[in-house]
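Enquirer: sequence unknown, structure follows:
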């Protein structure tokens, strides 16, 4: 009997900000993957984010590039870089926003379901904008799991998933 094939889709910005809110600046991504897949077969891990603005802080930019490089060394990891949009807030301060990550994740998860590359998709995010994509994946006969943080969880996303796991409960094992 073939082992259940699992692909993981990580909303990098959501993960980063959720960890930051917990005062955590580093996790062991391999341990996270191992905890999420259990005894199932890993197909691919997609990590979506954007490169920081090099002109804002050179040191931070290169730390992030090193981080992306380390992720790419992990087995079955695919780093998907999107755009970073710079804009002015109402108070005239500069802010940044990752653009295109949700679209890339949505395309990859639906494509994987159509192409039958996985049996189960695990989405690491609390963004309920993914619900229509998850429903399509389920219509195609695939399971969907949601890995989330308490502070950034979407109850609607959890309810739309076949299973969910609270990362707060395993955080000590992956830091």
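Expert: Looks like it came in fine. Source: prediction; values computed, not measured. Numbers count the residues shown, from 1 in each chain.
Enquirer: Which single strand of the chain contains the most residues?
Expert: For the chain, the longest strand by residue count, based on DSSP state E, is strand 77-88.
Enquirer: Now do it: distance to the chain's middle.
Expert: From the chain centre to the centre of strand 77-88 is a distance of 13 Å (C-alpha atoms, centre = their mean, to the nearest Å).
Enquirer: One more: stretch 87-95?
Expert: From the chain centre to the centre of stretch 87-95 is a distance of 27 Å (C-alpha atoms, centre = their mean).
Enquirer: Direction included, what does the helix or strand of the chain with the lowest mean pLDDT pair up with?
Expert: Comparing every helix and strand of the chain by mean pLDDT, DSSP states H and E singles out strand 94-99 as the least confident one, with a mean of 86. Taking DSSP bridges as the criterion, strand 94-99 sits next to strand 77-88 (antiparallel) in its sheet.
Enquirer: contacts for the partner strand?
Expert: Under the contact criterion C-beta atoms under 8 Å, 6 or more residues apart in numbering, strand 77-88 has outside partners 29, 44-53, 68, 71-72, 94-101, 104-105, 108. Backbone N, C-alpha and C define where each C-beta goes, glycine included.
Enquirer: Pull out the buried positions in that strand.
Expert: 77, 79, 80, 81, 82, 84 (16 or more other C-beta atoms under 10 Å).
Enquirer: returning to what we had before: weed out the non-buried ones from the contacts of strand 77-88.
Expert: By 16+ other C-beta under 10 Å, the contacts of strand 77-88 give 29, 44-50, 52, 71, 98, 101, 105, 108 as buried.
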